[in-house]
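Undergrad: Here is my input; please provide its structure:
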Amino acid sequence: MDTECFQLRRHSCRLEKTYRRSESAEDRLAWVQHEHKRHAIYRQKEYAYWNLRLSSNASSARKLWSTLSSLMASKKSGQPSKPSLTAQQLLDFFNAKVEAVGQSTGNCPVQTTLGPAPATFDQFEQCSADDIQRVISVSQSKTCEPDPLPTDVLKQCLPELLPYITDMCNASLQEGCLPMSQRHAIVTPRLKKSGFDASDAKHYRPVSNLTFMS
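TA: Predicted coordinates for the structure are as follows:
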């Protein structure tokens, strides 16, 4: 990230703010075109950087492997702590919490019927392709393992995929149902606070990473 990259990013922010204020097609086109240019320059600089790193360390096997490890992100800064709890122990703990909630409410009467709703939803306006495109464009490019492709790639191919995504979103809203394929998540236990005892399961909270499309 050199001076040129920072300047490109600042200019991109200005173009985006201009488009958010005006919401005109011309301002949006200028912003999108600059984004394509910015990311293309980023990729060129990244390629040139790693090409230089690899070529400069080609004569030293140790340095070359170290550079390859950095490139493949196989090393992380700092010494990783050894896991003090197994996945099964964490799963048993969270299952026990859910079971305890069920037992604490087990004597409550079961509500099998509901009264009439005071509000009605008798009209439905379908989402347009522009609506879906706007939501995807402003969303963070986070990716989960169940995603069929990285979110960055999805955004780059959005013009081609937009009709299918729009139909899928409208179908889900009309049927009032989220597809089963979008109900899966990667659950990761995280310490509630950095200073907590990592060997105690009650100090963890489960974080669900859903797919970008869901």
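Undergrad: ok, now which ones touch residue 30?
TA: 15, 18, 19 (Cβ atoms under 8 Å, 6 or more residues apart in numbering). For glycine as for every other residue, the C-beta is placed from the backbone atoms N, C-alpha and C.
Undergrad: switch the cut-off to 7 Å
TA: Shown in contact with residue 30 (Cβ atoms under 7 Å, 6 or more residues apart in numbering): residue 15.
Undergrad: same question, residue 32
TA: Contacts of residue 32 by Cβ under 7 Å, 6+ apart: none found.
Undergrad: Give me the buried positions along the longest helix along the chain.
TA: In the chain, taking DSSP state H as the definition, the longest helix is helix 25-56. Buried residues in helix 25-56, counted by 16 or more other Cβ atoms under 10 Å: 27, 28, 31, 32, 34, 35, 38, 53.
Undergrad: where do the strands sit along this protein?
TA: Counting by DSSP state E, the chain has strands at residues 185-191, 204-210.
Undergrad: closest to residue 63 out of those strands?
TA: Among the strands of the chain, strand 185-191 comes nearest to residue 63, with 33.9 Å by Cβ to Cβ.
Undergrad: Which parts of the chain belong to which domain?
TA: 3-71, 87-97+126-210 (automatic domain parsing).
Undergrad: can you redo those as a markdown table with mean pLDDT?
TA: Formatted as a markdown table, the domains of the chain follow (pLDDT from 0 to 100):
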| stretch | mean pLDDT |
| --- | --- |
| domain 3-71 | 86 |
| domain 87-97+126-210 | 89 |
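Undergrad: With distance to residue 116 added, can I get those domains in JSON lines?
TA: Output for the domains of the chain, formatted as JSON lines (distance: least, Cβ to Cβ, whole Å):
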{"stretch": "domain 3-71", "distance to residue 116": "40"}
{"stretch": "domain 87-97+126-210", "distance to residue 116": "18"}
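Undergrad: show me the contacts for the residue nearest to the spatial centre of the chain.
TA: Geometric centre of the chain, nearest residue: residue 142, 2.4 Å, by Cα atoms, centre = their mean. Counting by Cβ under 7 Å, 6+ apart, residue 142 touches 151, 212.
Undergrad: Tell me the spacing between residue 172 and residue 124.
TA: Counting by Cβ to Cβ, to the nearest Å, the separation of residue 172 from residue 124 is 12 Å.
Undergrad: who has more neighbours, these two?
TA: residue 172 (14 against 9; other Cβ atoms under 10 Å).
Undergrad: Pretty sure the more buried one sits against residue 178.
TA: Yes - counting by Cβ atoms under 7 Å, residue 178 is a contact partner of residue 172 at 6.0 Å.
Undergrad: Distance to residue 110 and mean neighbour count for the strands of the chain - can I get that in CSV?
TA: Below are the strands of the chain laid out as CSV (distance: least, Cβ to Cβ, whole Å; neighbours: other Cβ atoms under 10 Å):
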stretch, distance to residue 110, mean neighbour count
strand 185-191, 28, 13
strand 204-210, 27, 13
